[in-house]
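Asker: curious how this folds, go ahead:
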Amino acid sequence: MRRYPERPLVGVGAVIVENGKILLVRRANEPNKGKWSVPGGLVRKGERLMEALKREIMEELGVEIEVGDVACVTDEIFFDSQGRIEYHYIVIDFFAGIVDGVPKAMSDADEVRWFDLSEMDDTETVDFVEKLARKLLSGNDEIYIS
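Answerer: I've put the predicted structure just below:
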(Lines give C-alpha, C1' and ligand atoms only; values in the text may rest on other atoms or scores of the structure.)
Protein backbone atom coordinates (compact mmCIF):
# COMPACT_ATOMS: atom_id res chain seq x y z
CA MET A 1 0.00 0.00 0.00
CA ARG A 2 1.54 3.31 -1.08
CA ARG A 3 -0.64 5.62 1.01
CA TYR A 4 -0.18 5.38 4.77
CA PRO A 5 2.46 2.65 4.54
CA GLU A 6 3.60 0.61 7.54
CA ARG A 7 7.22 1.23 6.55
CA PRO A 8 9.15 3.14 3.87
CA LEU A 9 8.89 1.85 0.31
CA VAL A 10 12.04 1.53 -1.83
CA GLY A 11 12.13 3.31 -5.17
CA VAL A 12 14.67 3.66 -7.96
CA GLY A 13 15.18 6.41 -10.51
CA ALA A 14 17.25 7.02 -13.63
CA VAL A 15 19.35 10.16 -13.98
CA ILE A 16 19.72 10.30 -17.77
CA VAL A 17 21.91 13.17 -18.97
CA GLU A 18 22.88 13.73 -22.61
CA ASN A 19 24.50 16.79 -24.18
CA GLY A 20 23.96 18.94 -21.09
CA LYS A 21 20.29 17.98 -20.81
CA ILE A 22 18.48 15.82 -18.26
CA LEU A 23 15.46 13.65 -19.10
CA LEU A 24 12.50 14.28 -16.79
CA VAL A 25 8.90 13.09 -16.59
CA ARG A 26 5.88 15.01 -15.35
CA ARG A 27 4.33 12.77 -12.71
CA ALA A 28 0.77 11.58 -13.39
CA ASN A 29 0.12 10.35 -9.84
CA GLU A 30 0.50 11.51 -6.26
CA PRO A 31 2.47 12.33 -4.26
CA ASN A 32 4.34 14.43 -6.88
CA LYS A 33 1.49 14.72 -9.39
CA GLY A 34 2.19 17.48 -11.92
CA LYS A 35 5.84 17.90 -10.93
CA TRP A 36 8.88 17.05 -13.02
CA SER A 37 11.12 14.28 -11.70
CA VAL A 38 13.60 11.70 -12.88
CA PRO A 39 11.79 8.62 -14.22
CA GLY A 40 11.53 5.51 -12.07
CA GLY A 41 9.34 3.64 -9.65
CA LEU A 42 9.11 1.08 -6.89
CA VAL A 43 11.16 -2.06 -6.37
CA ARG A 44 9.09 -5.25 -6.26
CA LYS A 45 9.65 -8.05 -3.75
CA GLY A 46 12.50 -10.29 -4.95
CA GLU A 47 13.70 -7.77 -7.54
CA ARG A 48 17.25 -6.41 -7.62
CA LEU A 49 17.66 -2.63 -7.80
CA MET A 50 19.04 -2.51 -11.35
CA GLU A 51 16.43 -4.98 -12.62
CA ALA A 52 13.70 -2.85 -11.06
CA LEU A 53 15.07 0.31 -12.66
CA LYS A 54 15.30 -1.25 -16.13
CA ARG A 55 11.72 -2.56 -15.81
CA GLU A 56 10.36 0.75 -14.52
CA ILE A 57 12.02 2.77 -17.30
CA MET A 58 10.72 0.38 -19.96
CA GLU A 59 7.19 0.66 -18.49
CA GLU A 60 7.33 4.44 -18.03
CA LEU A 61 9.29 5.53 -21.13
CA GLY A 62 9.42 2.54 -23.48
CA VAL A 63 13.24 2.57 -23.67
CA GLU A 64 16.01 0.20 -22.71
CA ILE A 65 18.72 1.62 -20.47
CA GLU A 66 22.19 0.80 -19.25
CA VAL A 67 22.53 1.45 -15.51
CA GLY A 68 25.63 3.09 -14.04
CA ASP A 69 26.69 4.23 -10.58
CA VAL A 70 24.47 5.60 -7.84
CA ALA A 71 23.76 9.29 -8.41
CA CYS A 72 22.05 10.04 -5.11
CA VAL A 73 19.88 8.62 -2.36
CA THR A 74 16.94 10.59 -0.99
CA ASP A 75 14.11 10.10 1.41
CA GLU A 76 10.72 11.50 0.52
CA ILE A 77 8.21 11.81 3.34
CA PHE A 78 4.81 13.40 2.79
CA PHE A 79 2.43 14.26 5.62
CA ASP A 80 -1.33 14.66 5.40
CA SER A 81 -3.24 17.60 6.90
CA GLN A 82 -3.40 15.85 10.28
CA GLY A 83 0.37 15.28 10.42
CA ARG A 84 0.23 11.55 9.63
CA ILE A 85 2.74 10.07 7.20
CA GLU A 86 0.80 9.63 3.95
CA TYR A 87 3.74 8.57 1.74
CA HIS A 88 7.28 7.51 2.65
CA TYR A 89 9.87 6.52 0.05
CA ILE A 90 13.59 5.84 0.10
CA VAL A 91 14.73 6.51 -3.48
CA ILE A 92 18.02 5.38 -4.98
CA ASP A 93 18.78 7.20 -8.22
CA PHE A 94 21.32 5.78 -10.66
CA PHE A 95 23.07 7.40 -13.59
CA ALA A 96 21.79 5.71 -16.74
CA GLY A 97 21.98 5.94 -20.49
CA ILE A 98 19.47 5.04 -23.19
CA VAL A 99 20.66 2.13 -25.33
CA ASP A 100 17.51 1.53 -27.39
CA GLY A 101 14.32 3.42 -28.11
CA VAL A 102 12.96 6.95 -28.00
CA PRO A 103 11.46 8.11 -24.67
CA LYS A 104 7.70 8.63 -24.66
CA ALA A 105 5.20 9.08 -21.82
CA MET A 106 3.65 5.78 -20.84
CA SER A 107 2.66 4.53 -17.36
CA ASP A 108 2.88 7.05 -14.48
CA ALA A 109 4.05 9.89 -16.76
CA ASP A 110 1.93 12.64 -18.29
CA GLU A 111 4.81 14.06 -20.31
CA VAL A 112 8.51 13.46 -21.03
CA ARG A 113 10.97 16.20 -21.87
CA TRP A 114 14.68 16.97 -22.05
CA PHE A 115 15.62 19.98 -19.90
CA ASP A 116 18.79 22.00 -20.17
CA LEU A 117 20.50 21.65 -16.80
CA SER A 118 20.70 25.43 -16.49
CA GLU A 119 16.87 25.71 -16.80
CA MET A 120 16.07 23.80 -13.64
CA ASP A 121 15.04 26.85 -11.58
CA ASP A 122 12.35 27.64 -14.16
CA THR A 123 10.54 24.31 -13.88
CA GLU A 124 8.10 22.75 -11.44
CA THR A 125 10.50 20.04 -10.24
CA VAL A 126 10.87 18.06 -7.07
CA ASP A 127 13.52 19.66 -4.84
CA PHE A 128 16.27 17.12 -5.29
CA VAL A 129 16.21 17.42 -9.11
CA GLU A 130 17.19 21.09 -8.86
CA LYS A 131 19.97 20.23 -6.39
CA LEU A 132 21.16 17.40 -8.62
CA ALA A 133 21.24 19.68 -11.67
CA ARG A 134 23.35 22.25 -9.78
CA LYS A 135 25.80 19.51 -8.75
CA LEU A 136 26.06 18.22 -12.32
CA LEU A 137 26.63 21.72 -13.67
CA SER A 138 29.38 22.31 -11.14
CA GLY A 139 31.24 19.27 -12.47
CA ASN A 140 31.23 17.70 -9.02
CA ASP A 141 31.87 13.96 -9.32
CA GLU A 142 30.54 13.29 -5.81
CA ILE A 143 26.82 13.76 -5.73
CA TYR A 144 25.42 14.18 -2.23
CA ILE A 145 21.90 15.52 -1.94
CA SER A 146 20.79 16.69 1.49
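Asker: burial count for Glu47?
Answerer: By the criterion of other Cβ atoms under 10 Å, Glu47 has 16 neighbours. C-beta here means a position set from N, CA and C on the backbone, and glycine is covered the same way.
Asker: ignore what I typed, I meant Glu30.
Answerer: Glu30 has 12 nearby residues by other Cβ under 10 Å.
Asker: where's it relative to Gly13, distance?
Answerer: Distance of Glu30 to Gly13, given as Cβ to Cβ, to the nearest Å: 17 Å.
Asker: then Asp108?
Answerer: Taking Cβ to Cβ, one finds Asp108 at 12 Å from Gly13.
Asker: of those two, who's got more company?
Answerer: Gly13 (24 against 16).
Asker: which SSE is the more buried one in?
Answerer: In this assignment (DSSP states H and E), Gly13 forms part of strand 9-18.
Asker: now that strand, how far from the chain's geometric center?
Answerer: On the basis of Cα atoms, centre = their mean, to the nearest Å, strand 9-18 is displaced by 4 Å from the centre of the chain it belongs to.
Asker: which stretches of this protein have low pLDDT?
Answerer: Residues of the chain that meet the criterion pLDDT under 70 lie in 120-146.
Asker: residue nearest the centroid of it?
Answerer: With distances taken as Cα atoms, centre = their mean, Val38 lies nearest the centre of the chain, 3.1 Å away.
Asker: list the contacts of that one.
Answerer: By Cβ atoms under 8 Å, 6 or more residues apart in numbering, the residues touching Val38 are 13-16, 22-25, 93, 129, 132.
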